[in-house]
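1. Here's my sequence, what's the structure:
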Amino acid sequence: MDAMELSWGARCAGLAFFGFTLCMAALSVVLLLVRRWPWCSCHVCRAYLTRSWARDFTNLGDWYAHLLRRSPTGTVHVHVLGCTVTANPANVEYMLKTRFDNFPKGKPFASILGDLLGNGIFNVDGTAWRHQRKMASLELGSVTVRSYAYKIIAQEVETRLMPVLADAADRGMVLDLQDVFRRFAFDTICKISFGLDPGCLDREMPVSELADAFDTASRLSAMRGAAASPLLWKMKRFLNIGSERELKKAIKLVDELAAAMIRERKKLGVSNSHDLLSRFMASTGDTHAVDDKFLRDIVVSFLLAGRDTVSSALTTLFMILSKNPDVAAAMRAEAAVGDKPMTYEHLKGLHYTHAVLYENMRLFPPVQFDSKFCAAADVLPDGTYVAGDARVMYHPYAMGRMPHIWGADYDAFRPERWLTGPGSSFVPASLYKFPVFQAGLRVCLGKELAVTEMKAVSVAVVRAFNVEVVGENGRRAAGAPRFVQGLTASISGGLPVRVSRV
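-> Below you'll find the model as predicted:
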């Protein structure tokens, strides 16, 4: 009887606690609405909360671009998010260079992505960031690593990507090119970073648990950042319900598979290996004494940097080329080397192709926005006051659509805008006008490697195939496709294409 009473008492206490947490969650939502909704009657906040912007714009980024074009300073406030959004290059330079220490990633950002990225380089500030940055700079700047990486890229293109496209061309089948590029980029980054081959682009197109779990975790982590208040997702995480329950399961699988990769790398040894994980482990001394959590965070950071960004840029590139066959033909002519294989040196000399890649990323940056937090109250160069601990977002997607940066033809796909050097050679824009690879002290260390990979893929494909986007996304290709919410740009519904031989 006593045991039954204890059990019943524990059950009642549990139900009471659950009811209390639900009441607190409801109260938090009510307080949020009372604090922000009735008193913030501006059209921007109402449009964000009601999603009325979706009546006129395909994506949230297109709405932001519209607002920023109309702003005299290129800066707007979204009060319900406690966020300042800017497309002003002077503000970007101020945050990423001039006052770098006053605009860190910040604890709120680290909290949003902490479960997925941990203490990896993209989610930390201060000493931890400087230490990882120094290590990554030494390895990615190594001639040995770059040579090793290019050999892998060239091999993956020749032995996996091209046969998949050739098979689709010969059979006349529709192929999801976004899925193909994701598989290609995943195989490539795993080989370069970990010395391991998941074989996602084998003819059978096997499902990768790690890739799927990483996609889910990335998408759900991004949803946290879009919430009107962190209280909403934190309460769901506390209760382990809804999207937070799904995120927890995805991250658990990512952790398990990353741990398996690390164990395998340790078992194989690192002394004669050129992959980045081995070099990181070797640089720390005793490889078996290295903290596995530290290595896990490095694994996830490499996957985010090397897989999603490259596949996103390649996907939008071929979406655009489908509507601009003259550009594809010009790339084909520039890359003509007969039957000879494309060398690294030859790739570097393809200025028109380089311009095409940059023009694509101007319109469709793989990372559409980035957030910082203002440590102490500050004033941006355009006169915008930013309170301490406030969020400031610079928006590369919107910046690529600003007439005061790119001229009246900002919405036109025109690679020639980059060919202003001697002999129509490629000339890069200021990174503060074009922060696709970030800028300042946090500028992307893998920029050269990423561009090389994109060049190798795009040249190989246009030399051998014509790619035509079909279905709804074919009709959208001339404008903005519909993007899925995530840390990197991903087209809703993929990119169905028909491939034919040149």
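
2. give the contact list for Val327.
-> Val327 makes contact with 320-321, 356, 413, 415 under the criterion CB atoms under 8 Å, 6 or more residues apart in numbering. Where C-beta positions appear, they are placed from N, C-alpha and C, glycine not excepted.

3. and the residue nearest to Cys83 when sequence neighbours are not counted, what is it in contact with?
-> Using CB to CB, 6 or more residues apart in numbering and skipping the chain neighbours, the partner closest in space to Cys83 is Arg391 (4.4 Å). Contacts for Arg391 (CB under 8 Å, 6+ apart) come out as 81-84, 106, 108, 371-374.

4. distance of Arg391 from Leu380?
-> Per CB to CB, to the nearest Å, Arg391 is found 13 Å from Leu380.

5. Ok, Glu246 next?
-> Glu246 is 37 Å from Leu380, by CB to CB.

6. again, but for Val92
-> 10 Å.

7. Return every residue with contacts to both of the two.
-> Contacts common to Val92 and Leu380, judged by CB under 8 Å, 6+ apart, are Thr86.

8. Looking at those two, which one has more neighbours?
-> Val92 (29 against 22; other CB atoms under 10 Å).

9. Could you report the pLDDT at the more buried one?
-> We have a pLDDT of 98 for Val92.

10. now swap in Glu209 and tell me
-> 82.

11. next one: Arg279
-> 78.

12. Wait, a helix at it?
-> Yes - Arg279: assigned to a helix according to DSSP: H, G, I helix; E, B strand; the rest coil.

13. Pipe the contacts of Arg391 into CSV and attach neighbour count and distance to Phe181 per row.
-> Conversion of the contacts of Arg391 to CSV gives the following (neighbours: other CB atoms under 10 Å; distance: CB to CB, whole Å):
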residue, neighbour count, distance to Phe181
Leu81, 21, 32
Gly82, 16, 36
Cys83, 17, 31
Thr84, 23, 34
Gly106, 19, 32
Pro108, 15, 32
Ser371, 19, 26
Lys372, 24, 30
Phe373, 21, 33
Cys374, 22, 37
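
14. Tell me the one among those nearest to Gly494.
-> Distance to Gly494, by CB to CB, is smallest for Ser371 among the contacts of Arg391, at 27.5 Å.

15. From Asp409, how far out is Leu321?
-> Counting by CB to CB - Leu321 and Asp409 are separated by 19 Å.

16. Neighbour count for these two, which is higher?
-> Taking neighbours as other CB under 10 Å, Leu321 and Asp409 compare with Leu321 leading, 25 against 10.

17. tell me which residues in the one helix or strand Ala169 maps to are buried?
-> Using DSSP states H and E, Ala169 maps to helix 162-171. Buried residues in helix 162-171, counted by 16 or more other CB atoms under 10 Å: 162, 164-165, 168-169.

18. Tell me the helix or strand right after that helix.
-> strand 174-176.

19. helices and strands around that following strand, which ones?
-> With contacts defined as 3 or more CB pairs under 8 Å, 6 or more residues apart in numbering; DSSP states H and E, strand 174-176 has these neighbours: helix 162-171, strand 496-501.

20. Note down every partner strand of it and its orientation.
-> strand 496-501 (antiparallel) (DSSP bridges).

21. farthest-separated two in the contacts of Val327?
-> Leu321 and Pro415, at 10.8 Å, using CB to CB across these.

22. Residues in contact with both of these two, list them for me.
-> With CB under 8 Å, 6+ apart as the test, Leu321 and Pro415 both reach 327, 356.

23. Report the buried residues of the host helix or strand of Lys134.
-> Assigned by DSSP H and E, Lys134 belongs to helix 126-140. For helix 126-140, the neighbour count (16+ other CB under 10 Å) marks 129, 132, 135-136, 139-140 as buried.

24. Can you tell me which helices and strands the following helix or strand past that helix packs against?
-> Sequence order places helix 143-156 as the next helix or strand after helix 126-140, per DSSP H and E. Other helices and strands packing on helix 143-156, by 3+ CB pairs under 8 Å, 6+ apart, are helix 177-194, helix 447-464.

25. Quick one: list the elements packing against the helix or strand following the last one.
-> Right, the one you point to is helix 447-464. As assigned by DSSP H and E, the chain's next helix or strand after helix 447-464 is strand 465-469. On a contact count with 3+ CB pairs under 8 Å, 6+ apart, strand 465-469 meets helix 309-323, helix 325-334, strand 496-501.

26. Can you tell me which of the ones you listed is packed in deepest?
-> Comparing those by mean neighbour count (mean count of other CB atoms under 10 Å), helix 309-323 comes out on top with a mean of 24.

27. From the chain's centroid, how far away is that helix?
-> 14 Å (CA atoms, centre = their mean, to the nearest Å).

28. that older thread, out of the helices and strands packed on helix 143-156, deepest packed?
-> Note that of those, helix 177-194 is the most buried (mean count of other CB under 10 Å), with a mean of 25.

29. what's next to the next helix or strand after it, contact-wise?
-> Where DSSP H and E defines the elements, the next helix or strand beyond helix 177-194 is helix 209-226. Helix 209-226 is contacted by residues 109, 112-113, 115-116, 182-183, 186, 198, 200, 230, 233, 243-244, 246-247, 250-251, 253-254, 257-258, 300, 303-304, 307-308, 371, 484-488 when judged by CB under 8 Å, 6+ apart.

30. could you check the angle helix 177-194 makes with helix 209-226?
-> Using axes from the mean of the first three to the mean of the last three CA atoms, to 10 degrees, the inter-axis angle of helix 209-226 relative to helix 177-194 is 100 degrees.

31. got the CA positions of helix 209-226 in PDB?
-> Extracted in PDB, the C-alpha atoms of helix 209-226 (Å, rounded to 0.1, in the frame of the first residue of the first chain):
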ATOM      1  CA  GLU A 209      22.700   8.700 -42.100                       C
ATOM      2  CA  LEU A 210      25.300  11.300 -41.200                       C
ATOM      3  CA  ALA A 211      24.400  13.600 -44.200                       C
ATOM      4  CA  ASP A 212      20.600  13.200 -43.500                       C
ATOM      5  CA  ALA A 213      21.100  13.900 -39.700                       C
ATOM      6  CA  PHE A 214      23.300  16.900 -40.500                       C
ATOM      7  CA  ASP A 215      20.600  18.300 -42.800                       C
ATOM      8  CA  THR A 216      17.900  18.000 -40.200                       C
ATOM      9  CA  ALA A 217      20.100  19.400 -37.400                       C
ATOM     10  CA  SER A 218      21.100  22.400 -39.600                       C
ATOM     11  CA  ARG A 219      17.500  23.200 -40.600                       C
ATOM     12  CA  LEU A 220      16.100  23.000 -37.100                       C
ATOM     13  CA  SER A 221      19.000  25.000 -35.600                       C
ATOM     14  CA  ALA A 222      18.300  27.700 -38.100                       C
ATOM     15  CA  MET A 223      14.600  27.700 -37.000                       C
ATOM     16  CA  ARG A 224      15.800  28.700 -33.500                       C
ATOM     17  CA  GLY A 225      17.400  31.900 -34.900                       C
ATOM     18  CA  ALA A 226      14.100  32.900 -36.600                       C
END
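
32. buried sites along it?
-> 210-211, 213-225.
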